[in-house]
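Colleague: Fold the following, please.
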Amino acid sequence: MSDTELREQVRQRYAAAATAVTDTGREALPLVDAGCCTPDNSSCCGGTGEVDDAFGASLYAAAEQGELPAAAVAASLGCGNPTAVAELRPGETVLDLGSGGGIDVLLSARRVGPSGFAYGVDMTDEMLALAEANKVKSGLDNVAFLKGTIEDVPLPDGSVDVVISNCVINLSTDKPAVVREMFRVLRPGGRIGISDVVAEDHLSPTDRAQRGSYVGCIAGALSRREYLQGLAEAGFEDAEVTFTHEAAPGMHSAIVRARKRG
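Modeller: Purely as a prediction, here's the structure:
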């Protein structure tokens with residue numbers, strides 16, 4: 001499958017997930033309706049089936065879920081909680097890559113407060129529409145959702161303090177471009193706090209594909225070594241990849257952190 005075909009498959013899956021939340025309603029969906037990382041689950045990375053509670057909305061504290069519109073929680077597709085990973089502070093400007101229904105953007109906006117701002121970038125019209133509706137319900141005005149790809153972010157150089165992302169970078173067909181874009185939009189001294197699926201170093205790309213599909217957040221995952229190398233090549237410092245829980249044999253949900261020199 002070509003890169004273009006893979007990207008369209010990802011777009012269609014996320015569009016279907018957004019439509020399911022919008023059409024069915026939060027009350028009819030389990031909280032963890034679309035976890036990314038169970039390769040044997042047909043609803044993986046978008047859909048409305050029962051999934052392992054290690055993924056999706058269950059990774060957010062009840063108090064966090066209570067802060068947000070139900071549809072934002074129901075549309076959670078991630079493998080971690082990047083708002084906690086990034087240790088957001090009042091007054092900061094945050095960018096969420098692949099923002100989906102907006103859960104991490106809205107949580108970020110609350111963390112950084114009125115003096116801060118939170119952007120979300122997503123390529124899927126259906127997710128952007130859901131995110132805009134959730135923004136209205138949240139009552140927050142320090143939020144903006146932008147249409148674009150994570151390989152070509154529609155923000156100027158040095159415009160944000162923190163970049164977050166939740167189980168999305170593994171879906172990109174040009175990960176070096178994503179890493180370069182993160183570095184570009186960060187201000188000097190800025191940082192990344194990412195949740196993603198990462199493979200153990202001994203697994204080849206073929207091994208990863210045998211453990212799950214690309215759209216299921218498995219086949220396209222980088223290894224820990226590849227992640228660290230890519231961050232270093234882009235200019236990041238103090239990079240670390242920490243495994244948190246297993247998503248498939250030899251594949252893990254992970255926390256990825258790094259900084260841009262001040």
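Colleague: give me the beta-bridge partners of the nearest residue to Arg211 once chain neighbours are set aside?
Modeller: Spatial nearest neighbour of Arg211, excluding adjacent residues (Cβ to Cβ, 6 or more residues apart in numbering): Ala248 at 4.2 Å. Using the backbone N, CA and C atoms, a C-beta is placed for each residue, glycine as well. With DSSP bridges as the criterion, Ala248 is bridged to Met251.
Colleague: Please apply the same query to Phe243.
Modeller: Ala254.
Colleague: shouldn't the residue nearest to Arg211 be in contact with Ala209?
Modeller: No. The pair Ala248 / Ala209 is not scored as a contact, 11.1 Å apart, by Cβ atoms under 8 Å.
Colleague: for this protein, which spans come out with low pLDDT?
Modeller: Residue ranges of the chain with pLDDT under 70: 21-81.
Colleague: surely Gly193 meets Val85?
Modeller: Yes. Counting by Cβ under 8 Å, Gly193 does reach Val85; the two are 4.0 Å apart.
Colleague: list the residues that contact both of the two?
Modeller: Ile164, Ile255, Arg257 (Cβ atoms under 8 Å, 6 or more residues apart in numbering).
Colleague: Contacts only, for the closest residue to the first one other than its chain neighbours.
Modeller: Read that as Ile164. Excluding its sequence neighbours, the residue lying closest to Ile164 (Cβ to Cβ, 6+ apart) is Pro82, at 3.9 Å. When contacts are counted by Cβ under 8 Å, 6+ apart, Pro82 touches Asp96, Asp104, Ile164, Ser165, Asn166, Gly193, Ile194, Ser195.
Colleague: how about 10 Å then?
Modeller: With contacts defined as Cβ atoms under 10 Å, 6 or more residues apart in numbering, the neighbours of Pro82 are 59, 88, 94, 96-97, 104, 107-108, 162-168, 192-196, 255-256.
Colleague: what does Asp238 give?
Modeller: Arg191, Leu231, Arg257, Ala258, Arg259, Lys260, Arg261.
Colleague: What ranges does the stretch 1-150 of the chain have for its helices?
Modeller: Along the stretch 1-150 of the chain, counting by DSSP state H, counting those that start in this stretch, helices occupy 3-24, 62-66, 70-74, 82-85, 103-112, 125-138.
Colleague: Quick one: list the elements packing against the first one.
Modeller: Put plainly, it is helix 3-24. helix 70-74, strand 117-122, helix 125-138 (3 or more Cβ pairs under 10 Å, 6 or more residues apart in numbering; DSSP states H and E).
Colleague: so can I have TSV of these showing distance to Glu240 and mean neighbour count?
Modeller: What follows is those, written out as TSV (distance: least, Cβ to Cβ, whole Å; neighbours: other Cβ atoms under 10 Å):
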stretch	distance to Glu240	mean neighbour count
helix 70-74	29	24
strand 117-122	24	26
helix 125-138	30	20
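Colleague: I'd like to know which of those is closest to Asp152.
Modeller: strand 117-122 (9.4 Å; Cβ to Cβ).
Colleague: burial of Pro249, as a residue count?
Modeller: The number of residues packed around Pro249, counting by other Cβ atoms under 10 Å, is 12.
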